[in-house]
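1. My questions are about this predicted structure, shown below with the sequence.
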Amino acid sequence: MTHFSSIIGHSPSLDSLIRSARMVAATDVTVLLKGETGTGKEVFAKAIQKGSARADKVFITLNCAALPEQLIESELFGHKKGSFTGATANKLGIFQAADGGTLFLDEINSLPISIQAKLLRFLESGECLAVGDIKPYTVNVRIIAATNTDLSKQVDTGEFRRDLYYRLDVVPLELPPLSKRVEDIEHLIIHFLDMMAATHSIDAPKFSKQALAILKGYYWPGNIRELRNLCERLSILFSGKIIEVVDLPREFFTSSQLIKEASFTLPENGCQLDSLEVSLINQALKRTNGNCSRSAKLLGLSRDTLLYRMRKYGLTFTDGQ
């Protein structure tokens, strides 16, 4: 099947997820996509739809967090003329527009509790009720929902209906964060750089091995979306050039990131902090071929501070600036 070719990567966690998604796509079951913001839930939803019997039918996306609570019910289910102030005519809802196709409800964790009961009714009976109407209508719509939070915790706090959660959680698919897909980062970078080159009619840049190593060690709080935005920014700023470590944004060199990269755990018997600092400085200098400015950036220091600490420990290195 080629419907999942838009999903870039070959890491074990992604391959396993795609296998499950392909099996789900062949059915008409309700799907719940779980994962952090930016992990590609909408891309997966579209791939599932393209691999289903509804591939040639309408696919509609609704971000449940993007509409005011007072408008969501009308947008989803429609309303009758005169049902509220401003309702000057009958209006069809998204469910009617999606009849026969697929409705992707993104950030369903933001769906107001008052609307959750009506969604549950649809999932159980296929019936919807427009605002201001007394006669329900029936539609044939497949639901793919997505959440960037732990819905089970929202159930425990009363923010999300338990019965609706069970109806949505028939086939849950958990999308891994990008930090768990290190093998895919280079594939994604190549894809995004080529895409940006075509979009902006520029020459695609390349990352040096050292810069690529930094990207692979980064924790990616914004996941694939953050990587895509970085590639677009650097594509424009360094068109046709080699992107070096020093060209990466400051957030790639924060203290928390350096700790993550080092994966250092304090031994039970403690350690010699001076020796550890000397080791880190030497590693930074080696990685940048003695470039003090870039080494300082890797260590989250100013160049003057690095030079001071090198003098303190009697370290020497040919400085390429």
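-> Yep, that arrived.

2. rest of the way, CA atoms for contacts and neighbours
-> Will do.

3. Run through the helices of the protein in chain order.
-> 12-25, 41-50, 69-77, 94-97, 113-125, 151-156, 162-168, 182-200, 209-217, 223-237, 255-262, 273-287, 292-299, 303-313 (DSSP state H).

4. Figure out which of these is closest to Leu248.
-> Leu248 sits nearest to helix 209-217 of all these, at 7.5 Å, using CA to CA.

5. Which neighbouring elements make contact with the closest one?
-> helix 182-200 (3 or more CA pairs under 8 Å, 6 or more residues apart in numbering; DSSP states H and E).

6. In this protein, where is pLDDT below threshold?
-> 1-2, 254-266, 317-321 (pLDDT under 70).

7. Domains of it: list them as residue ranges, please.
-> For the chain, the structural domains run 12-176, 178-253, 264-321, going by automatic domain parsing.

8. can you redo these as TSV with distance to Phe4 and mean neighbour count?
-> TSV is the format used below for the domains of the chain (distance: least, CA to CA, whole Å; neighbours: other CA atoms under 10 Å):
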stretch	distance to Phe4	mean neighbour count
domain 12-176	5	18
domain 178-253	15	17
domain 264-321	37	15
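
9. could the ones you listed go into a markdown table alongside distance to Ser6?
-> Listed next are those as a markdown table, based on distance: least, CA to CA, whole Å:
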| stretch | distance to Ser6 |
| --- | --- |
| domain 12-176 | 8 |
| domain 178-253 | 10 |
| domain 264-321 | 34 |
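
10. returning to that earlier point: how about TSV for the helices of the chain, with distance to Phe59 added?
-> Below are these laid out as TSV (distance: least, CA to CA, whole Å):
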stretch	distance to Phe59
helix 12-25	14
helix 41-50	7
helix 69-77	14
helix 94-97	10
helix 113-125	18
helix 151-156	24
helix 162-168	18
helix 182-200	24
helix 209-217	34
helix 223-237	22
helix 255-262	39
helix 273-287	49
helix 292-299	45
helix 303-313	53
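
11. Out of those, which gets nearest to Glu174?
-> Of all the helices of the chain, it is helix 12-25 that lies closest to Glu174, at 7.6 Å by CA to CA.

12. roughly how far out does the closest one sit from the chain middle?
-> On the basis of CA atoms, centre = their mean, to the nearest Å, helix 12-25 is displaced by 17 Å from the centre of the chain it belongs to.
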